[in-house]
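1. Quick check, what structure comes out for this input:
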Amino acid sequence: MESPLRYTLFEDLDELRTRLRSLTSGRRAIWVTESNCADHCLDRIGIASAGIVLPPGEEAKTAEQLIRLWSGLTDLGATRGDLMIAIGGGALLDVAGLSAATYKRGMGLVYVPTTLLADVDASIGGKTAIDFEGVKNGVGTFYTPEEVLIAPAFLSTLPELELLSGWGEILKYSMLTGFSVDEDLWGTAEVAPSLIRRCIDYKIEVVASDPLDKGGRRQFLNLGHTLGHALEALHLSKGEPVPHGIAVAAGLVMEGYLSLRRDRLPQEDLMRLARVVRDHFSPVSVLCTEYEQIHTLARQDKKLRSTEEGVPVVMLDRIGKPAPAELFTPKELDEAIDFYRDFMQI
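-> So this is what the prediction gives:
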């Protein structure tokens, strides 16, 4: 199946500005962004202000902020023929996309991602969501933007943790496809456009084969995310948010261990992955008293079917060869968390 997604990678912001002018010629644009981006990104593309500004990061992915978006669109007199241009990181794009999908049953939508994570992952694939009742992406739908406009020039505005978050998703793609990354590049803003394109093209190809995530190859894109999302939700509940990609990097090690435990992933591949995470990513703390909460949060994974016992985790047969999810018991999850904590010395 051919993907309906259109994306363009711009070498500089002048080219992006030109494309935005073309898109908004003869069509009303409603700009939606987050506060960090309003301060650091809008003026770089010639936008004085946005019509709707949300809080940064995961604070934007709530039912309250979704209602704010609907109310803002109503106050602005938005119509289905108008074009929402959402500019920001992955969380902003998620909630803005959900508002565009549901406002008057769907209005025009363009994404302008400004973070590395949004460039390589969150802006691609048509998923929209908010977090709900402590569950990551608990409510959402599928809605493909008309275009995704990617400008790596925005990466220079990002703090170190936000860059690392994007590299966590790049690490996932390297595990799925087998490509390698120069050791000196992890965590930096020196991301080659060819690397961004490689991640995007792989995701588009997988999504096209399973557009509504019905249990086909698209589940592979959740590698590291079952336990990564659980860690992320755990820290959000404590008021100590962990960037998504850093939680995913931790999840990749834990889930890699589970693949090893099922006699799939060779030990040398697990150790190669674990060393990258240890050497380049911040550790994610997990207390022994929090293991049961991790079990509960992992059971919220969208791959789980109501008749199944256990927690579904995407497998790796080797680096570059993912396999369908298998179910794991709480005891097995505990062993995986223990492995991560011991290896990271936390």
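2. where does this structure have low pLDDT?
-> By pLDDT under 70, the low-scoring segments of the chain are 1-4, 306-307.
3. so what are the domain limits for it?
-> As given by automatic domain parsing, the domain ranges for the chain are 7-157, 211-344.
4. how about the strand or helix carrying Leu195: buried residues?
-> Assigned by DSSP states H and E, Leu195 belongs to helix 193-209. Residues of helix 193-209 classed as buried by neighbour count (16 or more other Cβ atoms under 10 Å): Leu195, Ile196, Arg198, Cys199, Ile200, Tyr202, Lys203, Ile204, Val206, Val207, Ala208. (Each C-beta comes from the backbone N, C-alpha and C, glycine too.)
5. Can you tell me the closest non-neighbouring residue to the fifth one?
-> Closest residue in space to Ile200, ignoring its immediate chain neighbours: Ile124 at 5.5 Å, by Cβ to Cβ, 6 or more residues apart in numbering.
6. Give me the neighbour count for that neighbour.
-> 27 (other Cβ atoms under 10 Å).
7. Find the nearest non-adjacent residue to Arg299, please.
-> Excluding the flanking residues, the one nearest Arg299 by Cβ to Cβ, 6+ apart is Val311, at 6.0 Å.
8. The one you found against Ala298, yeah?
-> Yes. Between Val311 and Ala298 there is a contact under Cβ atoms under 8 Å: 4.5 Å.
9. related to what we said a few turns ago, so which of the domains of the chain comes closest to Gly178?
-> domain 211-344 (2.6 Å; Cβ to Cβ).
10. what's the residue closest to the geometric middle of this protein?
-> Ala122 (4.2 Å; Cα atoms, centre = their mean).
11. Pop out the phi and psi values for that one.
-> Main-chain dihedrals, Ala122, degrees, to the nearest 10: phi -70, psi -30.
12. can you give me the strands for the stretch 101-250 of the chain?
-> Assigned by DSSP state E, counting those that start in this stretch, the stretch 101-250 of the chain shows strands spanning 108-113, 127-132, 135-142, 147-150.
13. quick one, helices of the stretch 201-346 of the chain?
-> 225-237, 244-261, 267-280, 291-298, 330-344 (DSSP state H, counting those that start in this stretch).
14. Of all those, which one is nearest Asp182?
-> Here helix 267-280 is closest among the helices of the stretch 201-346 of the chain (Cβ to Cβ), at 11.5 Å.
15. what angle sits between that closest one and helix 244-261?
-> Going by axes from the mean of the first three to the mean of the last three Cα atoms, to 10 degrees, helix 267-280 is angled at 160 degrees with respect to helix 244-261.
16. Which positions within helix 267-280 qualify as buried?
-> Applying 16+ other Cβ under 10 Å to helix 267-280 flags Asp269, Leu270, Leu273, Ala274, Val276, Val277, Arg278, His280 as buried.
17. Just give the closest residue to Leu9, not the sequence neighbours.
-> That would be Ile150: by Cβ to Cβ, 6+ apart, it lies 5.0 Å from Leu9.
18. how near is that neighbour to Phe10?
-> 7 Å (Cβ to Cβ, to the nearest Å).
19. now Gly215
-> According to Cβ to Cβ, Gly215 stands 35 Å off from Phe10.
20. Neighbour count: these two, which is higher?
-> Neighbours were counted for Gly215 and for Phe10 using other Cβ under 10 Å; Phe10 has more, 18 against 13.
21. May I have the residues that are in contact with that one?
-> Phe10 is in contact with Leu16, Arg19, Leu149, Ile150, Ala151, Ala153, counting by Cβ atoms under 8 Å, 6 or more residues apart in numbering.
22. Give me the nearest residue to the third one, chain neighbours excluded.
-> Going back to what we said before, that points to Leu149. Val112 (5.0 Å).
23. Arg318: how many residues sit nearby?
-> 15.
24. can I assume it is in contact with Pro266?
-> Yes. At 6.1 Å, Arg318 counts as touching Pro266 under the criterion of Cβ under 8 Å.
25. how many other residues sit next to the residue lying closest to Leu161 once chain neighbours are set aside?
-> Sequence neighbours aside, Pro243 is the residue nearest to Leu161 in space, at 5.3 Å (criterion: Cβ to Cβ, 6+ apart). Neighbours of Pro243 under the rule other Cβ under 10 Å: 27.
26. backbone phi and psi for Pro243, please?
-> The phi/psi pair for Pro243 (degrees, to the nearest 10) is phi -50, psi 140.
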